[in-house]
Each structure stands twice: as C-alpha cells, then as structure tokens.
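>>> Attaching a predicted model along with its sequence, questions to come.
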Amino acid sequence: MDLDAVRRALEARSPEEREAHERAAVAAILRDAGFGPEVLLIRRAEREGDPWSGHMALPGGRHEPADRDLRETALRETREELGLDLSGARLLGRLDDVETHRPGLVVRPFVFEVQGDAPTLAVPNREVAEAVWAPLSPLVRGERDAHYLHEHPGGKVRFPAYDVEGRIVWGLTYRMLQILFSLAR
C-alpha cells in the first residue's frame with residue numbers, strides 16, 4: 001500500500017453519507033515514513049462516562065454549533081487533542097460515514113496527508129493519553145491482525161482488531177481503517 005494508491009482511490013469516488021441526529025468527525029492523518037505510509041492514532045484518556053475511554057482512535061470528536069462543517073470539526077478536534085494544526089495538510093478526501101453503536105450518531109472520516117517528518121506531536125491533552133504513528137503495510141497485509149474481547153451484559157463478544165505495538169485497535173476505528181484499506185487495494 002502506498003499513498004499514491006490512497007490519493008487515486010479517494011479522488012475517484014463519492015463517499016456514502018448517512019442521515020444522523022448527531023454528527024462527529026475524525027482525521028485519518030497519513031504520512032510517508034520512507035518505508036511506507038503511517039497513520040496517526042491516539043489512545044484516549046481514561047474517563048468515567050466516556051464510552052470510548054482508553055480506546056485507540058483517530059483524533060476527532062463531536063460537531064459543535066460553531067463549526068462551519070464536519071471538516072472544520074475534524075480540524076478543530078485534532079488541534080484541541082494534539083496541538084496539531086492541519087490547515088496546511090493536504091486533504092485527500094473522505095471515507096464513507098460510519099454509524100456508531102449509539103443510535104443516531106454518525107462519524108465522518110476525513111483523510112489528510114502531512115509531509116516529511118512533520119508533524120511533531122504536542123503533549124496530549126486531558127482527552128488523549130498518547131499518540132503513535134502506525135505503519136499501514138503490516139496492517140493491510142494482516143500481519144497485525146488480532147481480536148478484542150468486549151464484555152457487556154450477557155457475556156463477551158469477540159471483535160476483529162489490529163495490534164499496534166501492544167495497543168489494540170478495534171470497533172469504530174478498525175472499521176474506518178478497513179474502509180480505507182479496501183479503497184487502496
């Protein structure tokens with residue numbers, strides 16, 4: 001997988017949009033690390049009442065009334081969570097809207113490319129415990145396939161996942177990465 005394939009795939013399609021009562025947006029931030037593309041992932045801070053507490057994710061969050069559109073939501077949330085300004089990054093396109101486990105909440109993923117060694121990540125804020133760059137090629141090739149056992153009332157459910165240096169990427173973020181990978185293949 002290379003960034004040229006991602007660029008071409010995103011230019012050649014119209015992403016699916018879903019109706020929703022609530023909206024959120026995330027930024028799938030890619031860079032060429034010399035040995036292949038990487039994606040920026042965050043580990044959310046542990047917070048009581050947060051259904052995504054401690055999960056690996058793409059930077060982003062809920063749309064606020066002051067945001068002109070969902071792209072601006074992704075830019076604002078990335079800036080707030082990581083101190084990372086994507087205004088100079090190249091917007092490659094969008095992925096299909098993704099429904100969450102919460103009825104009426106839909107997430108719109110935007111795909112950005114940053115150049116060179118940039119960005120240098122700021123110290124994560126109260127919402128983010130850490131940020132890591134994950135090489136995409138091993139994920140695409142299945143070399144980092146894993147599973148996650150999610151406990152809920154009634155038992156455990158096994159979900160497909162990726163292992164990124166001991167960090168488990170599953171659920172919504174896993175689904176968004178799967179969409180990205182299927183486009184670039």
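That came in fine, so what should we check first?
>>> what about this structure, any weak spots by pLDDT?
Scanning the chain with the threshold set as pLDDT under 70 gives 51-52, 116-124.
>>> rerun at 50
For the chain, applying pLDDT under 50 flags no range at all.
>>> For it, which segments count as strands?
Using DSSP state E, the strands assigned to the chain run over residues 22-32, 37-44, 56-57, 60-62, 90-94, 98-99, 105-114, 128-135, 145-152, 155-164, 167-170.
>>> now those as JSON lines including mean neighbour count and distance to Glu11?
Just so you know, the C-beta spots here come from the backbone N, C-alpha and C atoms, and that holds for glycine as well. Formatted as JSON lines, these follow (neighbours: other CB atoms under 10 Å; distance: least, CB to CB, whole Å):
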{"stretch": "strand 22-32", "mean neighbour count": "22", "distance to Glu11": "14"}
{"stretch": "strand 37-44", "mean neighbour count": "21", "distance to Glu11": "16"}
{"stretch": "strand 56-57", "mean neighbour count": "21", "distance to Glu11": "26"}
{"stretch": "strand 60-62", "mean neighbour count": "19", "distance to Glu11": "22"}
{"stretch": "strand 90-94", "mean neighbour count": "17", "distance to Glu11": "7"}
{"stretch": "strand 98-99", "mean neighbour count": "17", "distance to Glu11": "20"}
{"stretch": "strand 105-114", "mean neighbour count": "22", "distance to Glu11": "11"}
{"stretch": "strand 128-135", "mean neighbour count": "17", "distance to Glu11": "24"}
{"stretch": "strand 145-152", "mean neighbour count": "12", "distance to Glu11": "29"}
{"stretch": "strand 155-164", "mean neighbour count": "15", "distance to Glu11": "26"}
{"stretch": "strand 167-170", "mean neighbour count": "20", "distance to Glu11": "26"}
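>>> Output those strands in JSON lines, with distance to Leu183 appended to each entry.
Below are the strands of the chain laid out as JSON lines (distance: least, CB to CB, whole Å):
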{"stretch": "strand 22-32", "distance to Leu183": "11"}
{"stretch": "strand 37-44", "distance to Leu183": "13"}
{"stretch": "strand 56-57", "distance to Leu183": "20"}
{"stretch": "strand 60-62", "distance to Leu183": "19"}
{"stretch": "strand 90-94", "distance to Leu183": "9"}
{"stretch": "strand 98-99", "distance to Leu183": "14"}
{"stretch": "strand 105-114", "distance to Leu183": "9"}
{"stretch": "strand 128-135", "distance to Leu183": "18"}
{"stretch": "strand 145-152", "distance to Leu183": "19"}
{"stretch": "strand 155-164", "distance to Leu183": "17"}
{"stretch": "strand 167-170", "distance to Leu183": "18"}
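>>> Report the contact partners of the residue most central in space within the chain.
The centroid of the chain falls nearest to Leu58 when counting by CA atoms, centre = their mean (2.8 Å). Contacts for Leu58 (CB atoms under 8 Å, 6 or more residues apart in numbering) come out as Val26, Ala27, Ala28, Ile29, Val39, Leu40, Leu41, Ile42, Pro109, Thr173, Met176.
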